[in-house]
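Novice: Take this sequence and fold it.
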Amino acid sequence: MENTRTLSDKVLLFIKGLGMGAANKVPGVSGGMVAFVSGFYEELIYSLQKINRKAFKLLFNRGFKSFYRYINGKFLLLIFAGSTFSYFSVSRILDYFITNYELYVWSAFFGMIIGSIYYILKDFSDWRIQNIIAIFIGVSIGVAISFMTPAKENDNLWFVFLCGIIGVSGMTLPGLSGSFILILLGNYVLLLVDSVNELSKIITDIFRWNFDFINDPERMRYMKIIGSFTLGSITGLVVLSHILGFLLKRWHQIVTAIIIGFISGSLGIVWPWKKEIYKTNELGEVLLDSQGNEVLQNYQRYIPDINNSETWVAIGFILFGILSLLLLEWLGNQRKFKKRKRR
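Specialist: Presented below is the predicted three-dimensional model:
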């Protein structure tokens, strides 16, 4: 697979990684969904599945090159380089737009998810009763997750490690938003906002040859949190990929049906017209976490006012989201057609 990739294929994979990283940071949107729609989901799962005992035997007995080739290293490197870079670039831009144009961002994502459902459904033709039940189960779980109440922030390193395992599920399970799961676990702000911002500052300090952060207990606390979360994420990626690889081999259509259900159920999470409800005490005062952030309880969803011009702009963004997915599908088909023509 690696040797047949052109430079444009590699650039495209990196861009898909950017999209995956940005999606992972947005509550309600799944990086795995980006992988699924972009057509590299199964290669991602099977490549991660190659990180096993045999891979490490190759590493110790034949060296890094054999290990790298066996795990489809170039593919994984491009995808995860894009995802990592996204956390310090694309996702930061996305944070700005969510803060300032929240309704329109959610509308675009809502449209993209509708486009994704169409994209997957058009190739799904096995409508046996077990697959219909699997879709219903996926939808039910997705909707149930969207109405759960978030927990309190917890910076215990074992819990952070567990958050890494669970949070990375968004990269391997299309439709299951890892960032939204982190909101439910109470650690979204700690792990995907405060820690990412702190890591960005630390990296900048290192490039400036400034290591004063080593003597700062608060910054070192964040380093421990980042380390535990990263280790948990790596563990989760490898373990989940083995489980999913096993399931995909044996029950491909049922797994696909559940994924369709998950993605459909996630529409409730990204419904554009919603307002945040924060936890309050007996006096009606909004509760704050240890970092001074308001503690989110859930969202109150509502039907928009069709007489409001903002509503129609949002609907325009929904259509834009749908059309962008259809355009991606068309471009993908064009690339496949050109490759067949060259052969």
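Novice: ok, which stretches of the chain are strands?
Specialist: 274-278, 296-301 (DSSP state E).
Novice: Now for residue 67, how many residues are close by?
Specialist: 20 (other CB atoms under 10 Å). The C-beta positions use only the backbone N, C-alpha and C, and glycine is treated the same way.
Novice: Give me the neighbour count for the residue lying closest to it once chain neighbours are set aside.
Specialist: Closest residue to residue 67 apart from its sequence neighbours, by CB to CB, 6 or more residues apart in numbering: residue 59 at 3.9 Å. By the criterion of other CB under 10 Å, residue 59 has 16 neighbours.
Novice: is it true that residue 59 touches residue 69?
Specialist: No. Residue 59 lies out of contact with residue 69 (CB atoms under 8 Å); the separation is 11.1 Å.
Novice: From residue 300, how far off is the closest residue to residue 37 other than its chain neighbours?
Specialist: Excluding the flanking residues, the one nearest residue 37 by CB to CB, 6+ apart is residue 116, at 4.9 Å. To residue 300, residue 116 is 26 Å away according to CB to CB, to the nearest Å.
Novice: In terms of neighbours, single out the busier of those two.
Specialist: residue 116 (27 against 10).
Novice: residues touching residue 169, list them.
Specialist: 32, 176, 178, 181, 236, 240 (CB atoms under 8 Å, 6 or more residues apart in numbering).
Novice: how does it look with 7 Å?
Specialist: Neighbour list for residue 169: 176, 178, 181, 236, 240 [criterion: CB atoms under 7 Å, 6 or more residues apart in numbering].
Novice: Point out where the stretch 201-343 of the chain drops to low pLDDT.
Specialist: Along the stretch 201-343 of the chain, the parts satisfying pLDDT under 70 run over 279, 281, 288-299, 328-329, 331-343.
Novice: do that again at 50, thanks
Specialist: Applying pLDDT under 50 to the stretch 201-343 of the chain flags no residue at all.
Novice: could you pull out the helices for the stretch 1-150 of the chain?
Specialist: Using DSSP state H, counting those that start in this stretch, the helices found in the stretch 1-150 of the chain span residues 7-25, 31-38, 41-49, 53-62, 64-70, 73-87, 90-100, 102-121, 129-146.
Novice: Which residues does the first one contact?
Specialist: Contacting residues not belonging to helix 7-25 are listed as 29-31, 33-35, 38, 40, 75, 78-87, 90-91, 94, 170-171, 178-179, 192 [CB under 7 Å, 6+ apart].
Novice: Narrow these to just the buried residues.
Specialist: 29-31, 33-35, 38, 40, 75, 78-80, 82-83, 86-87, 90-91, 94, 170-171, 178-179, 192 (16 or more other CB atoms under 10 Å).
Novice: Quick one: neighbours of the residue nearest to residue 130 when sequence neighbours are not counted, just the number.
Specialist: Of all residues not flanking residue 130 in the chain, residue 254 sits nearest, at 6.3 Å (CB to CB, 6+ apart). Using other CB under 10 Å, residue 254 has 19 other residues around it.
Novice: what residues are up against residue 254?
Specialist: With CB under 7 Å, 6+ apart, residue 254 has these contacts: 130, 131, 134.
Novice: Tell me the one among these nearest to residue 63.
Specialist: Nearest to residue 63, judged by CB to CB, of these is residue 134 at 43.4 Å.
Novice: That closest one and residue 259 touch, don't they?
Specialist: No. Contact criterion CB atoms under 7 Å: residue 134 and residue 259 do not qualify, at 9.1 Å.
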